[in-house]
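Peer 1: coordinates for the following, if possible.
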Amino acid sequence: MAITLDVTYAPHNVKVKSNFSVFVKEGRVILSCRAEANPRPHQYSWWKDGQLQAESGSQFLILTSTFSGNETYKCAATNSLGSSMPEKFVFSLIPQKCTGLSGTSSVGGSISLTISSFLVNGNAGVKKYKVLYRLFGSLGVWSAVVELTSPTITITDLIPFTTYEIKIAAGNEYGYGPNSSTIKVQTTEAEPGPPQNVSAVPLSSHSVSVSWSQPITPHGIIAVYKIYYRAASKAKQEAADNEVVVAVSGSETTLSLTNLSPFTVYIIKVTAANVRQNDGKFLDGIASNEISVQTAEAAPSVPVNLISIRLTSTSVTIKWTRPEFPNGIIRSYTVVYEKAAPENDPYKVITIEAKYLSVNLTDLEESVDYIVWICAITISPGLYESIAVSTASEMNEKRTCLGRRCSTLLR
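Peer 2: Residues are numbered from 1 along each chain as shown. Below is the predicted model:
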């Protein structure tokens, strides 16, 4: 046989709950009080900051307009057997959701944010703002920036020409309110990084082809590439003064440099640009590493300073100096000579090694005028330079000056 006992006791284990753990909605909040008791409580007493507010049902209505920001509420339950100990509930008032968030980008990878309005929860003052941002579409962790003073906030050190998603929350000493709706802002363009894979190959003795690829960090849409080049053989200051700049469209990645000097080393670098300065000119980004390229050889200029030295009545020495513009590696010299008034006599040709700058012509005839031509040879022969040479008769060769009187010495 079952026996049912009805145990009666005063209220205890009181719990106070709110429809919000912290207040985030304008208008009102409802506190609910529950207790374990038998019989059920017939009255609930409500205190605010130690002052009795009501003796009513298990729910207590709070209007937000009366909040001071941080308040403590207590509830005690009563039945016919007694009352419980009061249970405390601390209620903190935080700002509501910010609205009207807008953002603009400034040069240098920064975004300025402005909050045009936000809803106020009673007396919940806004004392700080929390900005959350991340790369758009990244689904990564939100980075946070806390600004304590102003609803105008600047986020710095962002990646140029990149879209970010941003949201913001207003806060006070009790915490932050809900995040605003997310906005998207793109940072402005900035100076690009250095072009990559810069290379050059000679096309001829007067031209080279330069190629490159886009910077790893273009920081925008590349509008212009600038190719700087100078002859490496020039002195530093002279080279800087004579540096040539050629600009091409940002869609180009190759350029032929023409009108160059043969067999000359050129120093080349490339920059990219996408930001116009106040004067309308493009601001260069970081330059690539310098590279060097040498144009191909060409025919040299003529040998210079030709002179003849008579040795005997039938021989002379011809001397010269190297061409002013060798345009390559001189491999040899070609010497051609013939009578100035040739009849049927063929011209004669001698090849001289590059290390020598003279030649002895020993098979000439007496008292004859000759023309001697000399050219230098690199990958191809250059132009000839000529000199007139006259031999003397054997009799003239024996003329000498004795003191102040010249006499003819006979055999």
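Peer 1: show me what counts as buried in stretch 97-113.
Peer 2: Residues of stretch 97-113 classed as buried by neighbour count (16 or more other C-beta atoms under 10 Å): 97-98, 101, 103, 105, 109-111, 113. The way it works is simple: take the backbone N, C-alpha and C, and place the C-beta from them, glycine included.
Peer 1: quick one: mean pLDDT over it.
Peer 2: Throughout stretch 97-113, pLDDT has a mean value of 77.
Peer 1: give me the below-cutoff pLDDT ranges for this structure.
Peer 2: 1, 20-27, 64-69, 107-108, 116-124, 148-149, 234-241, 277-278, 342, 394-411 (pLDDT under 70).
Peer 1: where do the strands sit along the stretch 151-300 of the chain?
Peer 2: Listed in chain order, the strands found in the stretch 151-300 of the chain under DSSP state E, counting those that start in this stretch are 152-155, 163-172, 175-176, 183-186, 196-204, 207-213, 224-231, 244-249, 254-257, 265-273, 275-276, 282-283, 291-294.
Peer 1: right, and those strands - which one's nearest G137?
Peer 2: For G137, the closest of the strands of the stretch 151-300 of the chain is strand 163-172, at 7.9 Å, according to C-beta to C-beta.
Peer 1: ok now that closest one, how far from the chain's centre?
Peer 2: 29 Å (C-alpha atoms, centre = their mean, to the nearest Å).
Peer 1: output the contacting helices and strands for that strand.
Peer 2: Applying 3 or more C-beta pairs under 8 Å, 6 or more residues apart in numbering; DSSP states H and E, one finds that strand 163-172 contacts strand 98-106, strand 110-118, strand 128-135, strand 152-155, strand 183-186.
Peer 1: sheet partners, orientation included, of that strand?
Peer 2: Sheet pairing of strand 163-172 (DSSP bridges) gives strand 128-135 (antiparallel), strand 175-176 (antiparallel), strand 183-186 (antiparallel).
Peer 1: so of those, which one's packed in deepest?
Peer 2: Among these, strand 128-135 has the highest mean neighbour count (mean count of other C-beta atoms under 10 Å), at a mean of 19.
Peer 1: got the buried residues for the particular helix or strand that has V316 in it?
Peer 2: Element membership for V316, per DSSP states H and E: strand 315-321. By 16+ other C-beta under 10 Å, the buried positions in strand 315-321 come out as 316, 318-320.
Peer 1: now for those: which two are most distant?
Peer 2: Greatest spatial distance among the buried residues of strand 315-321 (C-beta to C-beta): V316 and W320, at 13.1 Å.
Peer 1: the helices in the stretch 301-411 of the chain, which residues?
Peer 2: In the stretch 301-411 of the chain, the segments counted as helices under DSSP state H, counting those that start in this stretch are 394-397.
Peer 1: can you pull out the strands in it?
Peer 2: Shown for the stretch 301-411 of the chain, the strands assigned by DSSP E, counting those that start in this stretch span residues 304-312, 315-321, 332-339, 348-353, 358-361, 369-377, 385-390, 399-402, 405-408.
Peer 1: out of these, which is closest to V146?
Peer 2: Among the strands of the stretch 301-411 of the chain, the nearest to V146 by C-beta to C-beta is strand 369-377 (77.0 Å).
Peer 1: and that closest one, what does it pack onto?
Peer 2: Counting contacts by 3+ C-beta pairs under 8 Å, 6+ apart, the secondary-structure elements packed against strand 369-377 are strand 304-312, strand 315-321, strand 332-339, strand 385-390.
Peer 1: dump these to TSV, plus distance to I30.
Peer 2: As requested, the helices and strands packed on strand 369-377 are exported to TSV (distance: least, C-beta to C-beta, whole Å):
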stretch	distance to I30
strand 304-312	107
strand 315-321	108
strand 332-339	108
strand 385-390	111
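Peer 1: minimum distance to A296: which of these has it?
Peer 2: Closest to A296 of the helices and strands packed on strand 369-377, according to C-beta to C-beta: strand 332-339, at 19.0 Å.
Peer 1: touching that closest one from outside, list them.
Peer 2: 303, 318, 320, 345-354, 356-357, 359, 361, 365, 368-377, 381, 384, 389 (C-beta atoms under 8 Å, 6 or more residues apart in numbering).
Peer 1: run me through the strand neighbours of that strand, direction for each.
Peer 2: Applying DSSP bridges, one finds strand 332-339 paired with strand 348-353 (antiparallel), strand 369-377 (antiparallel).
Peer 1: about what we covered before: quick check on the contacts of strand 332-339: which are buried?
Peer 2: 303, 318, 320, 352, 359, 361, 368, 370-377, 389.
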